[in-house]
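A.B. asks: Provided below are the primary sequence and the corresponding predicted coordinates.
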Amino acid sequence: MPIYLTTPIYYVNDKPHIGHAYTSLATDVLARWHRLAGREVFFLTGTDEHGQKVEKAALDAGEAPQAFTDRVSQAFRDLTQTMGFSNDAFIRTTEKRHYAACQALWTRLADRGQIYLGGYEGWYAVRDEAFYGPDELTERDGVKYAPSGAPVEWVTEPSYFFKLSEWADRLLEFYEANPDFIAPASRRNEVISFVKSGLSDLSISRTSFKWGVPVPGDDAHVMYVWLDALTNYITALGYPDEGADLWRFWPADVHFVGKDILRFHAIYWPAFLMAAGIAPPTRIFAHGWWTNEGQKISKSLGNVIDPVALVEEFGLDPVRYFLLREVPFGQDGDFSRAALTNRLNGELADVLGNLANRTLSLIQRNCEGKLPAGPAAEADAALLEPLASLPAAVGQLLEKQEYHLALEEVFRAVRGANGYITVQAPWSLKKTDPERMVAVLGHLHTALRAYATVLQPFMPATMAKLLDQLGVPEDSRGLASLATPLPPGTSLPPPAPLFRKIEAGA
Ligand code: MSP
């Protein structure tokens, strides 16, 4: 079964920050995992370029919207390189094919009697590009705010509406029949109670500005940016051509989103799709938000975390590891330099790096750099036996997006291997029992190969380096190839350290 994974498409109102990198990183790790397991994957990311918020940002920058979005979109494309993302495509909502897809979806909804012309009168938050009911707002110093903290403004304009109110029962049935559709479970309950409280029809066009996809047959309106944006997920697969080659990837396996944009993905999106007669996605995973050293991240506080600077300082793979190891995916978490430094020094360098370095240096020194092999003794069982089930165990956790548990599973094994090397002390076996030394180093090599293989999605470049040092050919790095041992005697290159420690407090 082909796998389709998506990130949100990012607003091009500003440069990328850690939140963008985080959603895409989680998507990337799962995409890489499925490829490692031999599955066909389509991994999509891109930029959301229309709407009032982006138009305003262009205006503030003194640029025409298209020139502005070209420039900022490129920064998000560059981030995919910086972060080592393996996306198969990068979509922009200003592409012609996307206009065609949005207009085709609109026409389909209209043909099915799902759209009518009316007038919108109510509250709108440009920052969220969202409509809010009066009961959702709070007031401070005469200004009304949405639950997200975004200020709202009063809007009165002609608007087309989507008959969302007709879909509440069908959505509830759908959630019931598909208990894994919204994850984590706490978020699912939130969405269900929101839908149960009743849905109003949704305004899906705007007339007070022009920066959007024109409504077919009525140029005075541009489409509501969320209808436009959500459609990207099917544009990329060739919609409206449901015979396109890529269409076989639909429905999406996981749409990764932050908790702030769950409502759009878990309520509006399946309603639009069901109303258009298209299958809804399989799962929406809403992750939590990062704070920075205990503080909410915001431009006005000046504490936005720049992923490029972070990678420059700590290295890409430690940052990738930290973001998914430190906080259970789905929960809010706090970024701190001390925590990142501890993970890098205390886990990556001291536990994994050290095991690799000790093993590979001993092989180099005591086995002429040739892959050693020998019989397994009873004392080796605790190291070797769990290896066979490691990929399945990690896979099961990743399929539930439990990244931190998957990493914990692997590192528990790595710590066990460190215990093994200490007890077996192959360095002293050289004189007392050289045959046993050869066997012990061979087993450690087998274990390291398994750890490096399953860790590739998290730390692709560093694990490639480790697999090089272990002498594993590039075409033998998939999960299935773990079943075939490397030929004993394979020459191993001289080892080099995998991680660079950061001085604490630096
Ligand atoms: N354009 C919409 C998505 C449309 S998808 C059809 C959008 N764009 S965004 O640029 O605002 O995307 C932000 C993404 O980054 C969201 O998934 C959001 O949750 C995430 N984050 C923004 N700040 C964040 C943190 N401080 N921490 C973690 N993620 C956060 O929404």
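C.D. replies: Looks like it came in fine.
A.B. asks: Please make it C-alpha for all contacts and neighbour counts, starting now.
C.D. replies: Noted.
A.B. asks: what does the helix or strand that contains residue 234 contact?
C.D. replies: Here residue 234, judged by DSSP states H and E, is contained in helix 232-235. Helix 232-235 has contacts (CA atoms under 8 Å, 6 or more residues apart in numbering) with 6, 44, 91, 93, 97-98, 101-102, 250.
A.B. asks: List the buried residues in that helix.
C.D. replies: 232-235 (16 or more other CA atoms under 10 Å).
A.B. asks: can you redo the contacts of helix 232-235 as JSON lines with neighbour count?
C.D. replies: Compiled in JSON lines, the contacts of helix 232-235 are given as follows (neighbours: other CA atoms under 10 Å):
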{"residue": "6", "neighbour count": "25"}
{"residue": "44", "neighbour count": "26"}
{"residue": "91", "neighbour count": "20"}
{"residue": "93", "neighbour count": "24"}
{"residue": "97", "neighbour count": "18"}
{"residue": "98", "neighbour count": "25"}
{"residue": "101", "neighbour count": "21"}
{"residue": "102", "neighbour count": "27"}
{"residue": "250", "neighbour count": "20"}
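A.B. asks: Restricted to helices, list these.
C.D. replies: Of the contacts of helix 232-235, the ones assigned to helices by DSSP state H are 97-98, 101-102.
A.B. asks: picking up where we left off before, closest one to residue 195 out of the buried residues of helix 232-235, please.
C.D. replies: Minimum separation from residue 195 among the buried residues of helix 232-235 (CA to CA) is found for residue 233, which lies at 23.2 Å.
A.B. asks: on contacts alone, who are the packing partners of the helix or strand encompassing residue 396?
C.D. replies: Assigned by DSSP H and E, residue 396 belongs to helix 390-399. Secondary-structure packing of helix 390-399 (3 or more CA pairs under 8 Å, 6 or more residues apart in numbering; DSSP states H and E): helix 18-36, helix 403-424, helix 434-455.
A.B. asks: can you put these in a markdown table and add distance to the ligand, mean neighbour count and mean pLDDT?
C.D. replies: Shown next, in a markdown table, are the helices and strands packed on helix 390-399 (distance: least, CA to the nearest ligand atom, whole Å; neighbours: other CA atoms under 10 Å; pLDDT from 0 to 100):
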| stretch | distance to the ligand | mean neighbour count | mean pLDDT |
| --- | --- | --- | --- |
| helix 18-36 | 3 | 22 | 97 |
| helix 403-424 | 15 | 18 | 98 |
| helix 434-455 | 23 | 22 | 98 |
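A.B. asks: Distance to residue 383 for those helices - can I get that in a markdown table?
C.D. replies: Shown next, in a markdown table, are the helices and strands packed on helix 390-399 (distance: least, CA to CA, whole Å):
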| stretch | distance to residue 383 |
| --- | --- |
| helix 18-36 | 23 |
| helix 403-424 | 6 |
| helix 434-455 | 7 |
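A.B. asks: Which one, of these, ends up nearest to residue 323?
C.D. replies: Once the helices and strands packed on helix 390-399 are compared by CA to CA, helix 18-36 is nearest, at 7.1 Å.
A.B. asks: Could you double-check that residue 39 lies in contact with residue 2?
C.D. replies: Yes - Residue 39 is within contact range of residue 2, at 6.4 Å (criterion: CA atoms under 8 Å).
A.B. asks: Can you name the residue of the protein nearest the ligand?
C.D. replies: At 3.0 Å from the ligand, residue 258 is the closest residue in the chain, using CA to the nearest ligand atom.
A.B. asks: That residue and residue 288 touch, don't they?
C.D. replies: Yes - using CA under 8 Å, residue 258 makes contact with residue 288 at a distance of 6.1 Å.
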